[in-house]
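**Student:** make a model of this:
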Amino acid sequence: MEQYVIKGGNPLAGEVEIGGAKNAALAILAAAIMTDETVLVENLPDVRDINVLLNAMTEIGVRVERLDRHTAKVNGGLIGDLSVEYESIKRIRASYYLLGALLGKYKRAQVPLPGGCDIGTRPIDQHLKGFRALGADVKIEHGFIIAEAEHLRGSHIYLDVVSVGATINIMMAAAMAEGGTVIENAAKEPHVVDVANFLNSMGANIKGAGTDVIRIRGVEALHQTEYSIIPDQIEAGTFMFAAAVTKGDVTVKNVIPKHLEATTAKLSEIGCEVKEFDDAVRVVCSKGLKSTNVKTLPYPGFPTDMQPQITVALALANGTSMVTESIFENRFKYVDELARMGANIRVKGNNAFIDGVSRYTGAQICTPDLRAGAALVIAGLAAEGITMIDDIHFIERGYERFEEKLQSLGAQIEKISSERELQKFKLKVSADRHFSVVVDRTPVAPKGKKPQMNSQDNQEMSRQRLEETC
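**Tutor:** Below you'll find the model as predicted:
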């Protein structure tokens with residue numbers, strides 16, 4: 001089983017490139033099968049969720065050609081099976097996007113109930129409500145959602161709660177329905193807009209994405225397109241909070257600053273300097289963090305996917321903070337793990353009351369879900385000593401080359417799978433500490449005595465011992 005091992009204490013510094021948005025990419029790949037022509041999708045993140053979805057699509061007859069790790073051609077012209085197998089898709093929640101895509105194109109679909117992280121109840125009732133309003137017969141049998149219709153007809157649909165998944169799913173199905181559809185109380189997240197833009201580039205007629213009212217005029221067919229996915233605002237925000245927690249100086253590149261406004265506002269509020277550029281944001285933390293209160297809300301509010309990251313920061317802030325989770329009821333599972341590192345947090349209902357501490361200390365901890373896992377890595381980067389993080393497969397669902405990007409910023413983190421690799425890492429960080437001491441205190445030979453070895457000699461001998469040991 002792979003783990004992350006981290007030696008904390010290094011301020012992160014430098015530049016990091018942000019990849020494509022996972023949540024947008026999952027929906028866009030599903031929507032790409034709605035034409036019989038070939039679609040080129042660029043800026044795909046190379047993460048587990050994307051690869052699972054592509055494999056599931058291949059199994060129903062979709063032709064997928066990976067041009068490189070971030071580019072794929074998708075052709076849905078030879079789909080022969082409208083039933084997606086449970087085993088191929090059970091690990092990701094975005095499986096339900098195939099429901100809207102297949103229903104819109106073929107007027108029939110059978111998709112397993114979604115999986116994903118256990119962060120609370122995420123009902124799909126609004127998805128089913130929308131499909132039924134469009135004229136589909138929808139039922140759940142043997143763990144599958146089965147939807148079929150003679151014809152899909154446009155309708156006026158009011159979502160009882162703001163739901164990103166339902167908004168996107170209904171939008172896909174309605175794109176090929178007869179007549180007009182209006183979705184009220186629609187989600188406004190950037191990836192909703194990205195999916196609408198993608199569908200429009202294929203010939204759909206969708207207006208109002210990014211507002212709470214989306215209007216769709218159904219078309220008979222969609223066509224080929226080439227499309228590049230927006231940057232991932234959650235990956236960007238994660239690195240921004242990593243800069244704050246480690247007292248670092250990090251520039252995140254390839255971002256849309258407007259998508260990060262809620263994150264940027266809170267970082268400024270807790271004492272960081274934030275500078276925006278056209279496609280980059282720089283975060284500098286040169287002093288102690290300050291406490292604040294935060295509540296997760298649908299976009300443009302503070303994102304629920306950034307809640308664990310800001311909690312990790314506030315647990316090191318001076319004073320008392322409160323974090324309110326208004327989206328998912330089970331998103332504080334990581335707090336017990338953070339307490340093992342020294343955090344002082346009390347959870348009551350959907351509120352976390354945080355009394356800031358001066359430091360974290362390294363510990364062996366377990367990842368409960370995707371975003372909490374990334375937040376625990378951030379805590380490990382700031383902790384004194386060694387932190388071991390288990391179940392990193394959750395993190396790899398949504399972060400591409402996470403440890404490599406952190407290493408490029410100066411973090412001492414590695415992915416390991418054996419005790420030998422752990423010992424090698426510990427020897428390495430120990431040697432690095434020795435090197436820094438030698439460089440700072442280069443010995444000077446007294447007059448008339450044989451000169452001592454200089455720092456380079458000491459470093460070379462230490463490296464030789466390390467290589468012999470490992």
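
**Student:** quick check: chain neighbours aside, which residue is closest to residue 339?
**Tutor:** Distance criterion Cβ to Cβ, 6 or more residues apart in numbering; nearest residue to residue 339, sequence neighbours excluded, is residue 345 at 6.5 Å. (Each C-beta comes from the backbone N, C-alpha and C, glycine too.)

**Student:** for the chain, give me the ranges with low pLDDT.
**Tutor:** Applying pLDDT under 70 to the chain picks out residues 88, 90-91, 93, 115-122, 433-470.

**Student:** contacting residues around the residue nearest the centre of the chain?
**Tutor:** The centre of the chain sits closest to residue 398, judged by Cα atoms, centre = their mean, with a distance of 4.3 Å. Contacts here follow Cβ atoms under 8 Å, 6 or more residues apart in numbering; on that basis residue 398 touches 22, 45, 47, 49, 234, 235, 370, 371, 374.

**Student:** rebuild the residues you listed as TSV, extending it with secondary structure and neighbour count.
**Tutor:** Shown next, in TSV, are the contacts of residue 398 (DSSP: H, G, I helix; E, B strand; the rest coil; neighbours: other Cβ atoms under 10 Å):
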residue	secondary structure	neighbour count
22	helix	25
45	coil	27
47	coil	24
49	helix	22
234	helix	23
235	helix	27
370	helix	25
371	helix	28
374	helix	28
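
**Student:** and the two most separated of the residues you listed?
**Tutor:** Taking Cβ to Cβ as the measure, the contacts of residue 398 span a maximum distance of 14.8 Å, between 45 and 371.

**Student:** what lies in contact with stretch 20-28?
**Tutor:** Residues contacting stretch 20-28 (Cβ under 8 Å, 6+ apart): 41-45, 47, 49-50, 53, 70, 92, 94, 97, 164, 168, 172, 189-191, 194-195, 198, 227-235, 397-398.

**Student:** how about 7 Å then?
**Tutor:** 41, 43-45, 47, 49-50, 53, 70, 94, 97, 168, 191, 194-195, 198, 227, 229-233, 398 (Cβ atoms under 7 Å, 6 or more residues apart in numbering).

**Student:** all helices of the stretch 1-150 of the chain, in order?
**Tutor:** 22-31, 48-59, 86-89, 97-106, 125-133 (DSSP state H, counting those that start in this stretch).

**Student:** and the contacts of stretch 20-28, which of them are in strands?
**Tutor:** 41, 227 (DSSP state E).

**Student:** go ahead and confirm residue 267 touches residue 274.
**Tutor:** Yes - Residue 267 is in contact with residue 274 according to Cβ atoms under 7 Å; the separation is 5.4 Å.

**Student:** the two: who's more crowded?
**Tutor:** residue 267 (25 against 20; other Cβ atoms under 10 Å).

**Student:** roughly how far does that one sit from residue 9?
**Tutor:** 21 Å (Cβ to Cβ, to the nearest Å).

**Student:** how long is stretch 340-356 from one end to the other?
**Tutor:** End-to-end distance of stretch 340-356: 15 Å, with Cα to Cα, to the nearest Å as the criterion.

**Student:** likewise stretch 278-297?
**Tutor:** Terminal residues of stretch 278-297 are spaced 26 Å apart (Cα to Cα).

**Student:** buried sites along that stretch?
**Tutor:** 280, 281, 282, 283, 284, 285, 289, 291, 292, 294, 296 (16 or more other Cβ atoms under 10 Å).

**Student:** dump stretch 146-154 to CSV, keeping only the CA atoms.
**Tutor:** Backbone C-alpha positions of stretch 146-154 (Å, rounded to 0.1, in the frame of the first residue of the first chain) are rendered in CSV as follows:
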residue,chain,number,x,y,z
ILE,A,146,-32.8,3.2,-15.3
ALA,A,147,-34.1,6.0,-17.4
GLU,A,148,-35.9,5.7,-20.8
ALA,A,149,-38.3,7.8,-22.9
GLU,A,150,-40.1,7.7,-26.2
HIS,A,151,-39.3,11.4,-26.6
LEU,A,152,-37.7,14.0,-24.4
ARG,A,153,-39.6,17.3,-24.3
GLY,A,154,-38.5,20.6,-22.9
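
**Student:** off-centre distance for it?
**Tutor:** Relative to its chain's centre, stretch 146-154 lies at 33 Å (Cα atoms, centre = their mean, to the nearest Å).

**Student:** please apply the same query to stretch 382-397.
**Tutor:** Distance, centroid of stretch 382-397 to centroid of chain: 15 Å (Cα atoms, centre = their mean).

**Student:** now swap in stretch 343-361 and tell me
**Tutor:** 23 Å.

**Student:** show me what that stretch is in contact with.
**Tutor:** Counting by Cβ under 7 Å, 6+ apart, 291, 311, 314-326, 329, 332, 335, 338-339, 341-342, 379, 382-385 sit against stretch 343-361.

**Student:** now list the buried members of the residues you listed.
**Tutor:** 291, 311, 314-317, 321, 323, 325, 332, 335, 338, 341-342, 379, 382-383.

**Student:** from those residues, which land in helices?
**Tutor:** 311, 314, 335, 338, 379, 382 (DSSP state H).

**Student:** show me the two of the residues you listed that sit farthest apart.
**Tutor:** 335 and 382 (16.5 Å).

**Student:** what's the distance between the closest residue to residue 52 other than its chain neighbours and residue 54?
**Tutor:** Of all residues not flanking residue 52 in the chain, residue 92 sits nearest, at 5.2 Å (Cβ to Cβ, 6+ apart). With the distance defined as Cβ to Cβ, residue 92 ends up 11 Å from residue 54.

**Student:** what do you get for residue 276?
**Tutor:** 34 Å.

**Student:** next, count neighbours for residue 390.
**Tutor:** By other Cβ under 10 Å, the residues close to residue 390 number 16.

**Student:** let me see the contact set for the nearest residue to it once chain neighbours are set aside.
**Tutor:** In space, and not counting its chain neighbours, residue 390 is closest to residue 366: 4.7 Å by Cβ to Cβ, 6+ apart. With contacts defined as Cβ under 7 Å, 6+ apart, the neighbours of residue 366 are 337, 390, 391.
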